[in-house]
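*Asks:* coordinates only, no sequence provided:
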């Protein structure tokens, strides 16, 4: 089928290219949840997790997803989420999110005074049935119950709903934009305070991020939709983050060491690596508050903490460009 | 120094986001030059290179950089460039570029009837002196001599000048945009028919690509500036390609297997992987003419051809998304 690739179009696109990016972006490191969740062979000791939270705070990270209130039988590696959350809440300025799969999990998040609870809902009905064993409509109903419980408790725990498989699904393949937009509206109507879009299986491309993101912004507005979550499964993680920034997204999920990712693509990269994202943002002059030396120090400890689990990311191997190195790094290089 | 990352800017950027990408993009695979150049321990036999050119053509690639007319003593692994070029010229519709460091190399490119010769000039004076042992002004003068020789020979070999270290330099660090723009003007005045920008050491970020690219477009116009060349050293290769597409760039360099790259960052990724770029473009609906199965077949042969040289790229490990798989791939998965 090879078609010839000769010939250039007569002119470049006429649309202006945006050069204004957000001045400041928050990186939410989700490694303690999305990273550890997938490493089922390993239970990281609670003491190590507390040191991890501390190291992340030392590195200037101010938002962490610290765990998941799922039944301990299903994910023993996240059974200590309440303790990790309690520790995270002691660190000044640290915003702690926990994943909750249902009302029971939400009640634990509220009791633990998490700053935010993140309830995932799948844009793909097939994924919802296979993963949560519920149709999406039941998850929407659960959102309403969680919102009611939160309000009844006079809790300040924010309710974020993450639209997973928003860019495609390993089971059903394509997910239509219109389907995602419709679900976002339902989720907001049910009481979600924020929505985020997640590329759960690493299918997103930057044109899709721009196209779908713009539609969701129109429905949710920039105050309720400011977060995206990308995996680097097929190498497009940072390109997708850049597209999100061009939309005005100011909060991006990532995992230190690029852990996490998709169980359907063994051997592939995981989530966008926090250190690579921090590097891209710093290089573009976008403030994140991250201290690079300390973030690299955290990255350096992961190998031992994760018992040799494969780590990903580029900047760890390549080092910072000369123009961005601190004096100490220049001497070491 | 960790600064807090709390607080969101009041609103997203007001600039419209471009969604129109070029309908068709040419991937120029430069592995036979930029890839092999750096693997100095290995001389790939000419017969293998000819099979490689054929496999690339079979995969739908219609532009290749096939070698470099440098002295064989300096790069024995590229000593057979004339033979590889002669073979490439026999394949219908294949456009063959060769790198030429000077007039002597250009004379060989003209004699071999290359479709294009690419002369690199460094935007960094320090890099120019260290690498070519010439100041940039002497290279500009050489461009004029090459153009004169080409015209005198009534040759149809196009003269492209590649601005290397356009986004930064391992020796001098930052390279100012104004410096690059000034050099582009000089190079065009000296007789270059096309200019391209190369991120020789993997320092570029997408905001810089947009900013610098726009300035160069203003000087050179889209007919004389339609090509960029990115390395993936720090994981930003595809994000930079996306930024280039947003500018209307329609020709992107890449290396199958992500070989090539920067001698100053050992162990890091090399050039953008052809197969990852082809995947991103296909995912976004941009036509390239690439046959994915056959490109993967070529990628699969590289390991043996390159004697176990480390290969890079994501799509090789992760596979295509379900929605993009052919029937044959779906059965195999």
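*Replies:* Here it is on my side, so go on. It should be emphasised that the depicted structure is a prediction, and the values quoted were computed from it without experimental measurement.
*Asks:* any idea which element residue A:241 lies in?
*Replies:* helix A:237-247 (DSSP states H and E).
*Asks:* now for the helix or strand just after that helix, which elements pack on it?
*Replies:* Next helix or strand after helix A:237-247 toward the C-terminus (DSSP H and E): strand A:251-254. Judged by 3 or more C-beta pairs under 8 Å, 6 or more residues apart in numbering or on different chains; DSSP states H and E, strand A:251-254 is in contact with strand A:26-29, strand A:194-198, strand A:227-229, helix A:237-247, helix A:274-283. Where C-beta positions appear, they are placed from N, C-alpha and C, glycine not excepted.
*Asks:* anything in the third one near chain B?
*Replies:* This means strand A:227-229. No - shown here: strand A:227-229 not in contact with chain B (C-beta under 8 Å from any C-beta of the partner chain), separated by at least 10.2 Å.
*Asks:* what's that strand in contact with?
*Replies:* Outside strand A:227-229, the residues that touch it by C-beta atoms under 8 Å, 6 or more residues apart in numbering or on different chains are A:28, A:30, A:160, A:162, A:194, A:196-199, A:209, A:213, A:240-241, A:244, A:249, A:251-253, A:271.
*Asks:* got any ranges where chain A has weak pLDDT?
*Replies:* A:1-19, A:262-266, A:326-333 (pLDDT under 70).
*Asks:* ranges for the strands of it?
*Replies:* Applying DSSP state E to chain A gives strands spanning A:26-29, A:63-68, A:95-99, A:116-122, A:158-164, A:194-198, A:227-229, A:251-254.
*Asks:* need the contact list for residue A:231.
*Replies:* A:199, A:200, A:201, A:202, A:237, A:260, A:261, A:262, A:269, A:270, A:271, A:272.
*Asks:* separation between it and residue A:240?
*Replies:* The gap separating residue A:231 from residue A:240 is 9 Å, by C-beta to C-beta, to the nearest Å.
*Asks:* overlap in contacts, the two.
*Replies:* Jointly contacting residue A:231 and residue A:240 under the rule C-beta under 8 Å, 6+ apart are residue A:199.
*Asks:* show me the contacts for the nearest residue to residue A:43 once chain neighbours are set aside.
*Replies:* Distances taken as C-beta to C-beta, 6 or more residues apart in numbering or on different chains place residue A:77 nearest to residue A:43, at 4.8 Å, with adjacent residues excluded. By C-beta under 8 Å, 6+ apart, the contact list for residue A:77 reads A:36, A:37, A:39, A:40, A:42, A:43, A:44.
*Asks:* 7 Å instead, please
*Replies:* Contacts for residue A:77 were tallied using C-beta atoms under 7 Å, 6 or more residues apart in numbering or on different chains; they are A:36, A:39, A:40, A:42, A:43, A:44.
*Asks:* most neighbours out of these, which is it?
*Replies:* Tallying neighbours with other C-beta atoms under 10 Å in any protein chain shown puts residue A:36 at the head of the contacts of residue A:77, with 26 neighbours.
*Asks:* with adjacent residues omitted, what lies nearest to the residue nearest the centre of chain A?
*Replies:* Nearest residue to the geometric centre of chain A (C-alpha atoms, centre = their mean): residue A:253, 2.9 Å. Leaving aside its chain neighbours, residue A:253 sits nearest to residue A:229 (3.9 Å; criterion: C-beta to C-beta, 6+ apart).
*Asks:* just give me the neighbour total for that neighbour.
*Replies:* 30.
*Asks:* isn't residue A:84 up against residue A:49?
*Replies:* Yes - judged on C-beta atoms under 7 Å, residue A:84 makes contact with residue A:49 at a distance of 5.0 Å.
*Asks:* mind listing the shared neighbours of these two?
*Replies:* residue A:32.
*Asks:* now, among the contacts of residue A:77, which is nearest to residue A:130?
*Replies:* Closest approach to residue A:130 among the contacts of residue A:77 (C-beta to C-beta): residue A:40, at 17.4 Å.
*Asks:* relative to chain B, how far out is the closest residue to the closest one other than its chain neighbours?
*Replies:* Nearest residue to residue A:40 in three dimensions, chain neighbours excluded: residue A:77, at 6.7 Å (C-beta to C-beta, 6+ apart). Noted for residue A:77: a distance of 24 Å to chain B, by C-beta to the nearest C-beta, to the nearest Å.
*Asks:* what about residue A:77, distance to residue A:114?
*Replies:* 19 Å.
*Asks:* can you give me the neighbour number for the spatially closest residue to residue A:257 that is not a sequence neighbour?
*Replies:* Once flanking residues are discounted, residue A:257 sits nearest to residue A:311: 4.1 Å by C-beta to C-beta, 6+ apart. Residues within reach of residue A:311, counting by other C-beta under 10 Å, total 19.
*Asks:* flag every buried residue along the helix holding residue A:241.
*Replies:* By 16 or more other C-beta atoms under 10 Å in any protein chain shown, the buried positions in helix A:237-247 come out as A:237, A:238, A:239, A:240, A:241, A:242, A:243, A:244, A:245, A:246, A:247.
*Asks:* gap between the closest residue in space to the last one that isn't next to it in sequence and residue A:177?
*Replies:* In space, residue A:247 comes closest to residue A:213 once its chain neighbours are excluded; the distance is 4.5 Å by C-beta to C-beta, 6+ apart. Noted for residue A:213: a distance of 10 Å to residue A:177, by C-beta to C-beta.
*Asks:* of those two, who's got more company?
*Replies:* A count of neighbours by other C-beta under 10 Å puts residue A:213 above the other of residue A:213 and residue A:177, at 25 against 18.
*Asks:* next, format the strands of chain A as a markdown table and append distance to residue A:185.
*Replies:* Formatted as a markdown table, the strands of chain A follow (distance: least, C-beta to C-beta, whole Å):
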| stretch | distance to residue A:185 |
| --- | --- |
| strand A:26-29 | 24 |
| strand A:63-68 | 25 |
| strand A:95-99 | 23 |
| strand A:116-122 | 12 |
| strand A:158-164 | 11 |
| strand A:194-198 | 10 |
| strand A:227-229 | 17 |
| strand A:251-254 | 21 |
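*Asks:* the residue nearest to residue A:247 contacts residue A:244, doesn't it?
*Replies:* Yes - using C-beta under 7 Å, residue A:213 is in contact with residue A:244, at 6.4 Å.
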